[in-house]
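# Fold the following for me, if possible:
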Amino acid sequence: MSSDLLDALTALEKQKGISRDVLLEAIEAALVTAYKRNFNQAQNVRVDMNADIGSMKVLARKDVVEEVEDERLQISIEDAQRVNPAYEIGDILEEEVTPKDFGRIAAQTAKQVVTQRVREAERGMIYDEYVDREEDIVNGIVERTDPRNLYVSLGKVEAVLPLSEQIQAENYKPHDRIKVFITKVERTSRGPQVFVSRTHPGLLRRLFELEVPEIYEGIVEIKTIAREAGDRSKISVHTTHEDVDPIGSCVGARGARVQSISTELNDEKIDIVEWSEDPVVFVANALSPSQVLDVQVNEEERSTVVVVPDYQLSLAIGKRGQNARLAAKLTGWKIDIKSEEDARELGIYPREVETEAPVTEEVSYYDEDIYESDEVTEDESFDLYRDEEQ
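Numbering: from 1, shown residues only. Reported below is the predicted structural model:
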């Protein structure tokens, strides 16, 4: 074996982190196969490589037996003892059978093995790098697309953005720079496969962590997220620091922080409400910008009946029920919205023991311009169950 190959193995050990001993073992195993294939040999052989002096030998291994049945695999005790009198029945005798031109085959085989092991090691390192980044946000460049998937370059690996994980209103073009959320990393025979998303609620969470220092530092916590990607999202935030405004921290000066996130998500509208462990307060906050007169809670069924002013029924429900649907996802409670008039007719409002109406106007952020609602008839109410996949 040439010293150049040994030097190359040492360099690979330093650069790629692949042990030279591991590479030598792999080369030895490959040379055994190459010997049998190229010289039509079926005997039991091994390759002995001395890395210190760069020598290589092919050794045939034969069992020492009393009566020989297969000369390729066995040797008689008499013949073995002519080589060395110390041999006994059951020992293994090794004799060199290195072909004259085996050096050329060995060099080709070693090159193939080293190349394959380097490729496997690189794939392993890439897998280890990205599997640790599951549920994290990364920057990518759009490379190509087909009817089912979009392919995004993350630098060392090409990620797959399935159609179901794309924002419908977005048009992706080659070389576009986008932020994506890593949902899953798989090890395959062709290398690591990374799957990413633009619709996952985790993307919204990570964007807020990047944009809002108070969230990144743990001063403000995002409790829950309800998202209809590309259209509208609601997040609930909370802090234990009395001198910190959790909603103001997320909104930023003149809405700069939340607007930056909205722009990244194709102008997705984002409502920010204050979280509360009291379901009465939390549900009322989640239904903003609608004013809430009363919230009646059924703990066993995990449901609520919400009473709103007659003129705000459409606002509470939202266009195509979106505001109420997102509120149910955000809170995890079933929400039944009724107008004040309907609630009075049903005798559920006002209750015998009056409670102070939940305050919603100062515990939420929303864009007034985007709350368009369909017409709702006077006797219509809205009943929605929480989304179990939230």
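# Just the helices from this structure, written as ranges.
3-16, 20-38, 77-83, 102-131, 201-211, 213-216, 246-251, 256-264, 279-286, 313-317, 322-331, 340-346 (DSSP state H).
# quick check: angle from the longest one to helix 3-16?
Going back to what we said before, that points to helix 102-131. Angle, helix 102-131 to helix 3-16, by axes from the mean of the first three to the mean of the last three CA atoms, to 10 degrees: 0 degrees.
# quick one: helix 102-131 to chain centroid distance?
The chain centroid and the centroid of helix 102-131 are separated by 27 Å under CA atoms, centre = their mean, to the nearest Å.
# Who are the packing partners of that helix?
In this structure, helix 102-131 packs against helix 3-16, helix 20-38, strand 55-65, strand 177-188, strand 191-197, with contacts taken as 3 or more CB pairs under 8 Å, 6 or more residues apart in numbering; DSSP states H and E. No exception for glycine: its C-beta is placed from N, CA and C like everyone else's.
# cool, and the third one?
Applying 3+ CB pairs under 8 Å, 6+ apart, we find helix 77-83 packed against strand 55-65, strand 92-96.
# Just the CA atoms of it, as CSV, please.
Below are the C-alpha coordinates for helix 77-83, written out as CSV (Å, rounded to 0.1, in the frame of the first residue of the first chain):
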residue,chain,number,x,y,z
ILE,A,77,-2.0,-32.3,9.6
GLU,A,78,1.1,-33.7,7.9
ASP,A,79,1.4,-30.9,5.4
ALA,A,80,0.7,-28.3,8.1
GLN,A,81,3.4,-29.7,10.3
ARG,A,82,5.9,-29.5,7.5
VAL,A,83,5.4,-25.7,7.6
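# what does it contact?
Helix 77-83 has contacts (CB atoms under 8 Å, 6 or more residues apart in numbering) with V64, V65, E66, Y87, E88, I89, D91, L93, E95.
# Kindly recompute the last result at 10 Å.
62-68, 74-76, 86-95 (CB atoms under 10 Å, 6 or more residues apart in numbering).
# try the last one
Surrounding helix 340-346, the residues in contact under the criterion CB under 10 Å, 6+ apart are 293-294, 296, 305-313, 337-339, 348-351, 378-381.
# Narrow these to just the buried residues.
Those of the contacts of helix 340-346 that meet the buried threshold are 293-294, 296, 305-308, 312-313, 337-339, 349, 381, by 16 or more other CB atoms under 10 Å.
# Could you export the residues you listed as a markdown table, including pLDDT and distance to K100?
Below are the buried ones among the contacts of helix 340-346 laid out as a markdown table (pLDDT from 0 to 100; distance: CB to CB, whole Å):
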| residue | pLDDT | distance to K100 |
| --- | --- | --- |
| L293 | 95 | 98 |
| D294 | 94 | 97 |
| Q296 | 95 | 95 |
| V305 | 96 | 93 |
| V306 | 96 | 91 |
| V307 | 95 | 97 |
| V308 | 95 | 94 |
| Q312 | 94 | 95 |
| L313 | 95 | 95 |
| I337 | 96 | 90 |
| K338 | 95 | 96 |
| S339 | 95 | 98 |
| Y349 | 91 | 101 |
| S381 | 45 | 93 |
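# Farthest pair within those residues?
The largest separation in these, counting by CB to CB, is between Q296 and Q312 at 17.5 Å.
# ok, back up a step: got a quick PyMOL command for the buried subset of the contacts of helix 77-83?
The PyMOL selection below is limited to those of the contacts of helix 77-83 classed as buried (16+ other CB under 10 Å):
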select buried, resi 62+63+64+65+68+74+75+76+87+93
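# so where's the stretch 251-390 of the chain uncertain?
353-363, 367-390 (pLDDT under 70).
# The stretch 251-390 of the chain: strands as residue ranges?
269-274, 294-298, 303-308, 334-339, 364-365, 382-384 (DSSP state E, counting those that start in this stretch).
# What distance do you get for R133 to I18?
From R133 across to I18, the span is 23 Å (CB to CB, to the nearest Å).
# of those two, who's got more company?
For the pair R133 and I18, the greater number of neighbours falls to I18 (21 against 13), based on other CB atoms under 10 Å.
# My read is that that one contacts R117, right?
Yes: contact status for I18 versus R117: in contact at 6.2 Å, counting by CB atoms under 10 Å.
# Which neighbours do those two have in common?
Shared contacts of I18 and R117 (CB under 10 Å, 6+ apart): L12, A26.
# So if we follow the domain assignment, how does this structure break up?
As given by automatic domain parsing, the domain ranges for the chain are 3-126, 136-197, 277-390.
# Ends of the shortest one, what's the gap?
With CA to CA, to the nearest Å as the measure, the first residue of domain 136-197 is 11 Å from its last.
# Could I get the average pLDDT for it?
For domain 136-197, mean pLDDT is 94.
# List the residues that contact the nearest residue to G252 once chain neighbours are set aside.
Of all residues not flanking G252 in the chain, V258 sits nearest, at 6.4 Å (CB to CB, 6 or more residues apart in numbering). Taking CB under 10 Å, 6+ apart, we find V258 in contact with 207-208, 211-212, 235, 247, 250-252, 269-272, 365, 367.
# can I assume E301 is in contact with K334?
Yes: counting by CB under 10 Å, E301 sits close enough to K334 to count as a contact (7.0 Å).
# Which one of those two is surrounded by more residues?
K334 (17 against 9).
# Thanks a lot, see you next time.
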